[in-house]
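Participant: Everything below, folded, please.
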Amino acid sequence: ENLAAPVNNPDLTAEIKVFADKLRRHDQPTGTQKLWQQLQTKSGTTQLAALQLNEKTLTPLLLAAFPDRIACSRQANGDYLLYGGRGARLAANSPVAKHSWLLVIKIHQPQQGTAIIDQALPLGPEWLKEMQQKTAWQAEIRWDEGQQRVEGYRRKRLGVLKLQSQPCPPNAAATGSVLCDVIRKQGETLLNWSPQVDQFLGRLQLVHFTLGAPWPEISRQSLLQEPETWLLPWLSGINRAVQLKKFDLLPALQQRLDGRQLRQLDELAPARIKVPSGEEMKIDYRNQQPLLAVKLQQLFGLATTPRICR
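Facilitator: This is a model prediction of the structure:
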């Protein structure tokens with residue numbers, strides 16, 4: 001991936017005049033042929049040799065021709081990120097390592113590991129300021145895994161590279177959309193699956209499997225696949241994991257049934273049943289098979305076995 005190899009020094013700044021002189025003299029060594037042709041094609045001119053080529057004039061031409069070769073420093077150890085998202089590392093002892101932004105001229109991929117930047121031009125603060133002025137702001141809303149919350153930003157980017165970033169409160173619609181995406185992936189641990197919620201779902205599941213339509217199958221899995229249909233309207237004001245874990249899901253789930261269905265559910269799969277002792281005992285629906293935990297003496301006088309879903 002050699003755009004040009006006019007010199008061997010990774011820092012081309014000091015050698016740019018030599019390269020420019022070769023271009024002006026039409027002295028095109030083999031290593032510069034490809035760059036020469038590409039620059040002529042992408043700049044739309046065949047008169048490059050007539051230009052006053054130096055670092056100031058050649059760098060904009062290279063930037064215009066090869067914007068995908070812009071790279072930004074990721075860490076102080078020489079790791080860079082290129083315009084398209086590819087990672088690369090500067091060659092050892094490179095004199096351009098102190099620069100945050102580079103225009104990569106030559107890069108190669110070893111058999112293993114990260115790509116190596118062999119030659120690059122440093123891009124200074126004036127270039128960065130100019131790009132920041134030219135680039136439009138874009139709103140970005142995302143789930144911060146570390147902070148466990150929805151965060152919003154205004155950002156200016158070149159490809160995947162961040163030129164500028166400012167915090168920006170996300171709007172309600174965007175926050176809800178991000179939360180739904182996170183719930184689809186992490187809802188088993190993020191949502192408050194309380195015993196009351198599991199009890200309600202167990203009752204619905206029993207009625208569905210026993211009676212079928214029109215009772216829908218409502219399980220954790222089906223709910224997590226489509227949070228927009230039942231949970232989104234309830235997410236107003238929520239943007240953090242700690243809020244999701246405290247939010248009571250039961251009202252949102254109950255609203256999936258109309259009043260008639262809720263009454264029928266109480267008849268078909270009652271939450272409690274009255275035993276001969278006069279007490280109302282809770283039926284546990286959470287483990288597929290309903291369970292009534294009651295002492296034997298509380299059932300004395302019971303004429304028939306209690307039934308549900310009949």
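
Participant: only C-alpha atoms for contact and neighbour calcs from this point on.
Facilitator: Will do.

Participant: so what secondary structure elements neighbour whichever strand or helix holds residue 131?
Facilitator: Taking DSSP states H and E as the definition, residue 131 sits inside helix 125-134. Contact analysis of helix 125-134 by 3 or more Cα pairs under 8 Å, 6 or more residues apart in numbering; DSSP states H and E lists strand 161-167 as its packing neighbours.

Participant: Contacts made by the strand it packs on with the rest, please.
Facilitator: Contact partners of strand 161-167, identified using Cα atoms under 8 Å, 6 or more residues apart in numbering, comprise 71-72, 81-83, 85, 128, 131-132, 151-157.

Participant: which is the next helix or strand following that strand?
Facilitator: Using DSSP H and E, the helix or strand that follows strand 161-167 in sequence is helix 172-190.

Participant: buried residues in that following helix?
Facilitator: By 16 or more other Cα atoms under 10 Å, the buried positions in helix 172-190 come out as 175, 176, 177, 178, 179, 180, 181, 182, 183, 184, 187, 190.

Participant: Over to stretch 217-232?
Facilitator: Those would be 217, 218, 223, 224, 227, 228, 230, 231, 232, for stretch 217-232 by 16+ other Cα under 10 Å.

Participant: Nearest to residue 286, out of these: which one, please.
Facilitator: Residue 286 lies nearest to residue 218 out of these, by Cα to Cα, at 13.3 Å.

Participant: ok, that closest one - contacts?
Facilitator: By Cα under 8 Å, 6+ apart, the contact set of residue 218 is 201, 204, 205.

Participant: can you check residue 72 too?
Facilitator: For residue 72, the contact set (Cα under 8 Å, 6+ apart) comprises 80, 81, 82, 100, 101, 102, 161.

Participant: Neighbours of residue 208, how many?
Facilitator: For residue 208, the neighbour count with other Cα atoms under 10 Å is 17.

Participant: elements contacting the helix or strand in which residue 267 is found?
Facilitator: If you go by DSSP H and E, residue 267 is part of helix 259-268. Under the contact criterion of 3+ Cα pairs under 8 Å, 6+ apart, helix 259-268 touches helix 195-211.

Participant: Off-centre distance for the helix it packs on?
Facilitator: With Cα atoms, centre = their mean, to the nearest Å as the basis, helix 195-211 stands 34 Å off its chain's centre.

Participant: now the angle between helix 259-268 and it, please.
Facilitator: 80 degrees (axes from the mean of the first three to the mean of the last three Cα atoms, to 10 degrees).

Participant: What's the local residue count around the nearest residue to residue 250 once chain neighbours are set aside?
Facilitator: Excluding the flanking residues, the one nearest residue 250 by Cα to Cα, 6 or more residues apart in numbering is residue 197, at 5.5 Å. Counted with other Cα under 10 Å, the neighbours of residue 197 add up to 18.

Participant: how near is residue 197 to residue 269?
Facilitator: Remark: distance between residue 197 and residue 269 (Cα to Cα, to the nearest Å) = 15 Å.

Participant: Over to residue 77?
Facilitator: Shown here: residue 77 relative to residue 269, a distance of 64 Å by Cα to Cα.

Participant: neighbour count winner among those two?
Facilitator: For residue 77 and residue 269, the more surrounded residue by other Cα under 10 Å is residue 269, and the numbers stand at 23 against 11.

Participant: Next up, the contacts around that one.
Facilitator: Taking Cα under 8 Å, 6+ apart as the contact definition, residue 269 lies against 203, 206, 207, 308, 309.

Participant: what's the answer for residue 74, then?
Facilitator: Counting by Cα under 8 Å, 6+ apart, residue 74 touches 80, 81.

Participant: ok, now how distant is it from residue 110?
Facilitator: 20 Å.

Participant: Test my guess that residue 148 contacts residue 241.
Facilitator: Yes: between residue 148 and residue 241 there is a contact under Cα atoms under 8 Å: 5.5 Å.

Participant: the more surrounded of these two?
Facilitator: Counted by other Cα under 10 Å, residue 148 and residue 241 do not tie: residue 241 has more neighbours, with 21 against 13.

Participant: Show residues contacting stretch 285-295.
Facilitator: The contact list for stretch 285-295 (Cα under 8 Å, 6+ apart) reads 195, 198-203, 205-206, 281-284.

Participant: and what of stretch 134-153?
Facilitator: Stretch 134-153 is contacted from outside by 154-157, 165-170, 174-175, 178-179, 182, 239-241, using Cα under 8 Å, 6+ apart.
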